[in-house]
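Chemist: Fold the following and give me the result.
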Amino acid sequence: MALLALVAHNLEWSAVWKSMSRITWWALPLAICLQVLAYFIGILRWHMLLNSQGIPYSIVQVIRPFFIGAFFNNFLPSTTGGDAYRIYYIHSERHGPAAAFSPVITERILGLATLLLIASTTFAFYDGNNPVINQVGYAAASFLLGLCLFLATLGIPFIYWTMHRFLE
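Modeler: Next up, the predicted model:
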């Protein structure tokens with residue numbers, strides 16, 4: 001609450017109101033619907049990742065810890081507080097460390113891959129000659145390729161089970 005109060009105190013409210021007055025009437029309901037859709041997809045993703053670890057939670061059982069984690073991610077000064085809570089939640093439900101860590105790590109890797117894919121795809125449409133943007137675009141594509149190779153390597157059963165035992 002103190003951080004929110006500090007941000008609210010330091011905002012230039014006249015600029016905020018001026019900016020908000022230029023928004024069309026349908027933008028806010030659309031943004032809310034898209035955010036609800038993003039949360040719903042996140043809940044489904046976490047549900048599927050937990051089930052893949054042999055944790056048969058229903059979607060209803062996943063909603064509460066997912067939203068508590070989302071709250072921590074959005075209101076704490078870091079984006080990993082929600083991950084820590086979800087790991088704690090699964091582990092406190094008498095599941096092993098590998099089952100608690102694996103869905104969160106997988107979500108983070110998927111998020112990174114998605115971000116790199118978006119950056120690489122948009123870079124393909126960039127026709128400028130800014131050397132910094134070119135370097136970032138090539139780096140994003142290289143990291144995406146490396147991440148794909150890493151994930152393909154994890155798909156080898158021997159390597160997967162070795163990492164699984166390490167996490168346990």
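
Chemist: so how far is L4 from G82?
Modeler: Distance from G82 to L4, counting by Cβ to Cβ, to the nearest Å: 17 Å. Glycine gets a C-beta too; all of them are placed from N, C-alpha and C.

Chemist: So if I had to pick from these two, which one is more boxed in?
Modeler: Neighbours around G82 and L4, counted as other Cβ atoms under 10 Å, are more numerous at G82. The numbers are 22 against 9.

Chemist: now for the host helix or strand of that one, which elements pack on it?
Modeler: Secondary structure here is read from DSSP states H and E; on that basis G82 sits in helix 81-92. Taking 3 or more Cβ pairs under 8 Å, 6 or more residues apart in numbering; DSSP states H and E as the contact definition, the neighbouring helices and strands of helix 81-92 are helix 59-75, helix 97-124.

Chemist: would TSV of those helices with mean neighbour count and distance to K18 be doable?
Modeler: Formatted as TSV, the entries for the helices and strands packed on helix 81-92 read as follows, by neighbours: other Cβ atoms under 10 Å; distance: least, Cβ to Cβ, whole Å:
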stretch	mean neighbour count	distance to K18
helix 59-75	16	25
helix 97-124	16	29
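
Chemist: Next one: L37 relative to F150, how far apart?
Modeler: With Cβ to Cβ as the criterion, L37 and F150 are 29 Å apart.

Chemist: List the contacts of the closest residue to S58 other than its chain neighbours.
Modeler: If you skip the residues right next to it in sequence, S58 has H47 as its closest partner in space, 7.9 Å away by Cβ to Cβ, 6 or more residues apart in numbering. Shown in contact with H47 (Cβ atoms under 8 Å, 6 or more residues apart in numbering): Y57, S58, I59, V62.

Chemist: Just give me the residue right at the centre of this protein.
Modeler: What sits nearest the mean C-alpha location of the chain, by Cα atoms, centre = their mean, is G111, with 5.0 Å.

Chemist: Please save the CA atoms from the helix or strand bottoming out on mean pLDDT in the chain in PDB.
Modeler: Ranked by mean pLDDT, DSSP states H and E, the weakest helix or strand in the chain is helix 157-167, scoring a mean of 79. Once side chains and other backbone atoms are set aside, the C-alpha atoms of helix 157-167 remain, and they are given as PDB (Å, rounded to 0.1, in the frame of the first residue of the first chain):
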ATOM      1  CA  PRO A 157      14.300 -39.200 -21.500                       C
ATOM      2  CA  PHE A 158      17.700 -39.700 -19.900                       C
ATOM      3  CA  ILE A 159      18.300 -36.000 -19.500                       C
ATOM      4  CA  TYR A 160      14.700 -35.300 -18.400                       C
ATOM      5  CA  TRP A 161      14.800 -37.900 -15.600                       C
ATOM      6  CA  THR A 162      18.300 -36.800 -14.500                       C
ATOM      7  CA  MET A 163      17.100 -33.200 -14.100                       C
ATOM      8  CA  HIS A 164      13.900 -34.500 -12.400                       C
ATOM      9  CA  ARG A 165      15.900 -36.500  -9.900                       C
ATOM     10  CA  PHE A 166      18.200 -33.400  -9.300                       C
ATOM     11  CA  LEU A 167      15.100 -31.200  -8.500                       C
END
